[in-house]
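Kindly return the folded structure for what I paste below:
(chains A, B, C and D)
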There are 4 protein chains.
Amino acid sequence: MGNIHGHTFRVATFGESHGPALGVIIDGCPPRVPLDSQFLQHELDRRRPGQSALTTQRKEGDIPEILSGVSAQGLTLGSPIAILIRNTDQRPQAYTEMKSAYRPSHADFTYDTKYGIRAVEGGGRSSARETAARVAAGAVAKTVLKHACGAQITAWVESVADIQMPALAKTPTQKQVDASPTRCPHPATAEKIEECIKAARQDGDSVGGVICCVISGLPAGLGSPVFDRFEADLAKAMLSLPATKGFEIGSGFAGTQLRGSEHNDLFIRKGGRIRTLTNRSGGTQGGITNGEDVVIRIAFKPTATVMKPQKTVSPDGKATSLSAKGRHDPCVLPRAVPIVEAMAALVAVDHWMRDRGQNSPFGRCGRKA
Amino acid sequence: MGNIHGHTFRVATFGESHGPALGVIIDGCPPRVPLDSQFLQHELDRRRPGQSALTTQRKEGDIPEILSGVSAQGLTLGSPIAILIRNTDQRPQAYTEMKSAYRPSHADFTYDTKYGIRAVEGGGRSSARETAARVAAGAVAKTVLKHACGAQITAWVESVADIQMPALAKTPTQKQVDASPTRCPHPATAEKIEECIKAARQDGDSVGGVICCVISGLPAGLGSPVFDRFEADLAKAMLSLPATKGFEIGSGFAGTQLRGSEHNDLFIRKGGRIRTLTNRSGGTQGGITNGEDVVIRIAFKPTATVMKPQKTVSPDGKATSLSAKGRHDPCVLPRAVPIVEAMAALVAVDHWMRDRGQNSPFGRCGRKA
Amino acid sequence: MGNIHGHTFRVATFGESHGPALGVIIDGCPPRVPLDSQFLQHELDRRRPGQSALTTQRKEGDIPEILSGVSAQGLTLGSPIAILIRNTDQRPQAYTEMKSAYRPSHADFTYDTKYGIRAVEGGGRSSARETAARVAAGAVAKTVLKHACGAQITAWVESVADIQMPALAKTPTQKQVDASPTRCPHPATAEKIEECIKAARQDGDSVGGVICCVISGLPAGLGSPVFDRFEADLAKAMLSLPATKGFEIGSGFAGTQLRGSEHNDLFIRKGGRIRTLTNRSGGTQGGITNGEDVVIRIAFKPTATVMKPQKTVSPDGKATSLSAKGRHDPCVLPRAVPIVEAMAALVAVDHWMRDRGQNSPFGRCGRKA
Amino acid sequence: MGNIHGHTFRVATFGESHGPALGVIIDGCPPRVPLDSQFLQHELDRRRPGQSALTTQRKEGDIPEILSGVSAQGLTLGSPIAILIRNTDQRPQAYTEMKSAYRPSHADFTYDTKYGIRAVEGGGRSSARETAARVAAGAVAKTVLKHACGAQITAWVESVADIQMPALAKTPTQKQVDASPTRCPHPATAEKIEECIKAARQDGDSVGGVICCVISGLPAGLGSPVFDRFEADLAKAMLSLPATKGFEIGSGFAGTQLRGSEHNDLFIRKGGRIRTLTNRSGGTQGGITNGEDVVIRIAFKPTATVMKPQKTVSPDGKATSLSAKGRHDPCVLPRAVPIVEAMAALVAVDHWMRDRGQNSPFGRCGRKA
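A predicted model of the protein is given here:
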């Protein structure tokens, strides 16, 4: 239990890292949305292992097969959309050391404790490989959002280790983000981050960092207080990702140091509608979008897998030592960018559907409303 | 929609700030748990307005009436527990200015946009007054947790504005936390925070800060990856609270600056069970509790209500100015401490029940399992 | 767990038969719906005990207090609506025999088994008294439906014991139904049913029967296959009522004896839209409403409480005998009519909201959709 | 939306009749349950088209591929189990007439109305072909039930058209049920039913009937009043099946003709536990299982597809005529038997898990409880 996301746009995922396949069922996608299989592949490619020298060298085509829910003409039917991704580069033998030693800061021990059984190879379900299914679902969610309200989602790497890019005047484009394998859109910072990640790899070590994500173009009015605030669902979605340790919206932790008179976003009238002069709120007030950009930040810890030997224990509690041997990312952030975008898209479209109804805006039933 | 929390231990709340009453229905409380009405009152008193010079001077007894679900002997029946709290100090006339001007960084504008109607007085449902119902539910959740597994929850104020208390060697007791009206357990820091809050009030301004919360005594094994990770549900619960802007678990944002080899929590055997040497993970790995303390931090922005005049617009978009006149907290943190604990308790007991079943550990049905 | 109904229009109820109060929270009612408190009282009066010589003589005013979610002008706010009904005629002493003997075909034994504890008085939560909260919620649901799409719900008693009324040419009005205390709209049959119920009472016995319910005016397109078919949710709602043993839609069990060519509803064009010539389907096809009347039937068993002595066992399994002493309905059907209508309304409005969105059709957000 | 079943043992299905594949994700299966792939195939074979002269002649191997959630040793992992079934005998060209005419008593019109688009071939998602995924999930549910509490589920055909088998002294075995292609365990009646179905096919017509289903071996205590009564969830599950028109538990509609003193099930002590002398309740009281057999009946209408020409309209409302040309069952009941069992298993295991917890009885976490 725990593998279904969303209330109205519901997503169920499956798949172990070294099992036959991963995939997703999307239940609640509105009908008559044109799905572009090239876009789906494009999104998966952005998450794909082996895409640059900075990532794991596992080779996966990550080629999605759509099994249901889409007409011959490429329109959604309103029925569940199933997407299948076969694993092709499993190497279970590379993980035999995991049987006899719990990897520090991994989920081996907690999975054993919870389930009394564990897919040892590559972490099984606890591997970040499962996020491929999220990205596939996110591609559908992004498409629905685009057609529903024109909203767009852009994430990028803002810092790695202690290297922090300067604040940008405006949200970068995806092209700017993807220009560097680091997915940091500030070239000078990107260069430093690239060196930093390579140095960590060379040391058999790993680094973490912060991703910023902006949702722009959402209408005001999304979010369901008191428990299902828009930012509450974003926080849950982001903390459901492997390796995440923190979440901020708008001014975040830094904002706690301001006084109210400095922090408040004053209302103004601009372009025929009510806007705020600043956006320390980060796009929501009282848990409901206010029409400004939704701006969030997510902290990713350094990858738990390091090549250096580490002390640990075996499942029966005996002291031992472990050096990782599989293929791993020395820094998850470059590949985490499309995953963060996918989760943001899932949350946004779920709230859009909650408010507008399961058939909006494309269903005939919805149209008459 | 959005006023029901939890999957197995489910809580539905209701109530506007200046309506007749607030309250909660708890659906899924296990049977035969002894509820202590004094403890319930104690928890509400810790959140109550007017409890010190640092808080709003609204006077509410916050006296709970249990309407169902408990036997004459004070044992839960397994049926829904309803708790009612009457509002007694409503002053709707104090809020007439809210009709004609949107308060900056409040939810007036977004509620109007979403619902096309608004309970103007005191913010209605968007007021932090609704959290009284959460604290009542949290008192029940704490009681269940105590009987189920002995787990305990303690929160405290760690920083206000730029005043930060030093790290503690061990989790403070509730008595230590409640010794100061600031709910900061470090006396020297508490003194500074008290001055800081009083200064903000004098200036007609407000301040924010950070609360730390520790759940200790939970068994390893709670949490349902991939979406319903234990920390994901905590993040959602905390970001569902008014005025929250950020969430961290374990090493949080600061942890992104460490290398993996520094950050990893090595496993050791201690006291007959598998433990970790450090706790940068913050008590969960792979979304599942590992038996260590769950340690989280929550950022609260400075209260949006300030007495200084602020520029804003009226509902029809005309520029205007606003000075708050109602009774407000210049800093929400001291009263937020029991609210954070309540939400942590709701998440923890919900996951406990998911794993052990709705009648555990007290129901006859559960006992035979 | 199990006391929350609905997916988008969600209803949580509470209350024991002889506790202080019953009530409901409605989460997801759209904003700006005019609620009529007289209509709410009217619906509760139709379910109220003591309304005629045919029902239990327990005296309850069943006066609802609206605690939240409604503006001073009587418009819903989009926030949770809480309705409280105080019990006033509790007589716990009348039920002492229930402690020492399990009443046959009641829930005493199963509640004891499941929960290990039981509110003995009047059956506690298992008493049909809990349906007062459903009727209160149903009154809100009926109001939403009326404003949303003009749909109307009418139920009536079709048979009691072996007395069956003839088929009607068209759906009776509520006035016709309520004209007789039996709630059978066919006067000659009503008279026989009245005698039948009185005879059962005189014998210290009880009788059952069948209620028919029609929802007219629903748009085509409601229902969410494959699991949440419109009729599936109706079946669940009706079987969640005390004393129900069966559910039919359209041709029901009798329809199994026809051939397909006789049973099929042929499509025709009539009044500018596509209709069916007959309605053996009962208003849904493939789990989705087709715009025809939704026609269902519900079987209620004879009341389990009889005044005649019955053999049974004590909680520790010893053979004993029991004669009921409390106040009971010799036939639940007349009072079950408004309860069936309430459940039908809850299902219909829930599906309407699922399709059109939580703020439809009244919220500003919904309006723009 | 609407393609996910269950609260704790959750099942999401997908697939159109003539799309590439059908399948299911099971989220919440407890860990360490031994899954038998032969049993899975056996269950699918019982539902498979083309299994006898009485069914559709569509040829599908219905060979399941398990994609996740099961270890190399055949034990469940506690992670989602995905099962894929490829369609192999699609003949979309056989359904061209469905484009231009709405089939009477099928879902063509309602799907068009709801979604504004339709998978024309074979009814797409509204085809009973989707039930293959339910049977796959049901096989897993039956396995869990067997290991959890030894419960068993048996369904059979009790009547077809006006041919009704006599009451049996005890529940038949699956072998007795499967002995006849009709799945009626009373040989003399089975013979008549076989003739009846063949006669209907010869006439280009169809017949309906009633299936009885018994769940034996369930512990007392399952079910969550007031809304999620055990029989309420059964009723929903059964009415979610294509072609169902009615549901009964225990005495059902016939029981409405008895008096309470005749209908009540007297408690006795037998075999060391509390039992009932009769079982008119059908295995539940107050919505909770009482340890007796759960006995339900489901009405299936005659198949809507008939070969005889029928009057209908085109999507634009013009009168036309239609004769079916695809491959169809003249009577769905023989193949519906395993489908009814699957749904009963899904409901029973879902309630078992709700009560005992998601990891019971096999998880290490659950074991310690």
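
For the closest residue to chain D within the stretch 201-350 of chain A, grab phi and psi.
For the stretch 201-350 of chain A and chain D, the shortest gap (CB to the nearest CB) falls at residue A:350, measuring 10.8 Å. C-beta here means a position set from N, CA and C on the backbone, and glycine is covered the same way. Dihedral angles of residue A:350 (phi, psi; degrees, to the nearest 10) stand at phi -60, psi -40.

Skipping adjacent residues, who's closest to the closest residue to chain B within the stretch 51-200 of chain A in space?
Residue nearest to chain B within the stretch 51-200 of chain A: residue A:107 (2.3 Å; CB to the nearest CB). Excluding its sequence neighbours, the residue lying closest to residue A:107 (CB to CB, 6 or more residues apart in numbering or on different chains) is residue B:286, at 2.3 Å.

Does that neighbour touch residue A:126 like I think?
Yes - under the criterion of CB atoms under 8 Å, residue B:286 makes contact with residue A:126 at 4.3 Å.

Could you show which parts of the stretch 101-250 of chain A are in contact with chain C?
Selection of the stretch 101-250 of chain A residues close to chain C by CB under 8 Å from any CB of the partner chain yields A:219, A:221, A:224.

Could you export those residues as CSV, including neighbour count?
Converted to CSV, these look like this (neighbours: other CB atoms under 10 Å in any protein chain shown):
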residue, neighbour count
A:219, 20
A:221, 27
A:224, 26
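
is it possible to export those to a markdown table including pLDDT?
Below are these laid out as a markdown table (pLDDT from 0 to 100):
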| residue | pLDDT |
| --- | --- |
| A:219 | 93 |
| A:221 | 93 |
| A:224 | 96 |
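
Throw the residues you listed into JSON lines and include distance to chain B and secondary structure, thanks.
Listed next are these as JSON lines, based on distance: CB to the nearest CB, whole Å; DSSP: H, G, I helix; E, B strand; the rest coil:
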{"residue": "A:219", "distance to chain B": "8", "secondary structure": "coil"}
{"residue": "A:221", "distance to chain B": "4", "secondary structure": "coil"}
{"residue": "A:224", "distance to chain B": "3", "secondary structure": "strand"}
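
Kindly indicate whether residue A:349 is helix, strand or coil.
With DSSP: H, G, I helix; E, B strand; the rest coil as the basis, residue A:349 sits in helix.

Same question for residue A:328.
Going by three-state DSSP: residue A:328 is coil.

now swap in residue A:268 and tell me
For residue A:268, the secondary-structure state derived from three-state DSSP is strand.

Now do the same contact list for it.
With contact set as CB atoms under 8 Å, 6 or more residues apart in numbering or on different chains, residue A:268 has these partners: A:274-277, B:311, B:313, B:319.

For PyMOL, write a command that selects the buried ones of those.
One line in PyMOL is enough to select the buried ones among the contacts of residue A:268; burial here means 16 or more other CB atoms under 10 Å in any protein chain shown:
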select buried, (chain A and resi 274+275+276) or (chain B and resi 313)
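
so can I have CSV of the contacts of residue A:268 showing secondary structure, distance to residue D:213 and pLDDT?
CSV is the format used below for the contacts of residue A:268 (DSSP: H, G, I helix; E, B strand; the rest coil; distance: CB to CB, whole Å; pLDDT from 0 to 100):
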residue, secondary structure, distance to residue D:213, pLDDT
A:274, strand, 59, 97
A:275, strand, 61, 97
A:276, strand, 60, 98
A:277, coil, 65, 97
B:311, strand, 69, 96
B:313, strand, 64, 96
B:319, strand, 69, 96
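
The residue of the stretch 201-350 of chain A closest to chain D and residue A:137: what is the separation?
Distance of residue A:350 to residue A:137, given as CB to CB, to the nearest Å: 11 Å.

who's more crowded, these two?
residue A:137 (31 against 23; other CB atoms under 10 Å in any protein chain shown).

thought the more buried one was touching residue A:85?
No - contact criterion CB under 8 Å: residue A:137 and residue A:85 do not qualify, at 11.3 Å.

quick one on the thing from earlier: need the contacts of residue A:268 in CSV with distance to chain D, can you?
Shown next, in CSV, are the contacts of residue A:268 (distance: CB to the nearest CB, whole Å):
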residue, distance to chain D
A:274, 33
A:275, 34
A:276, 34
A:277, 39
B:311, 44
B:313, 38
B:319, 44
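
Just the closest of the contacts of residue A:268 to residue D:207, please.
Nearest to residue D:207 among these is residue A:274, at 64.5 Å by CB to CB.

For the residue of chain A most remote from its centre, what are phi and psi?
Most distant residue from the mean C-alpha position of chain A: residue A:318, 36.3 Å away (CA atoms, centre = their mean). The phi and psi values for residue A:318, taken as degrees, to the nearest 10, are phi -90, psi 140.

what about the strands in the stretch 101-250 of chain A?
A:152-160, A:163-164, A:209-216, A:244-249 (DSSP state E, counting those that start in this stretch).

most tightly surrounded among those strands?
Using mean count of other CB atoms under 10 Å in any protein chain shown, the stretch among the strands of the stretch 101-250 of chain A with the largest mean neighbour count is strand A:244-249, at a mean of 28.

next one: that one to chain centre, how far?
From the chain centre to the centre of strand A:244-249 is a distance of 12 Å (CA atoms, centre = their mean, to the nearest Å).
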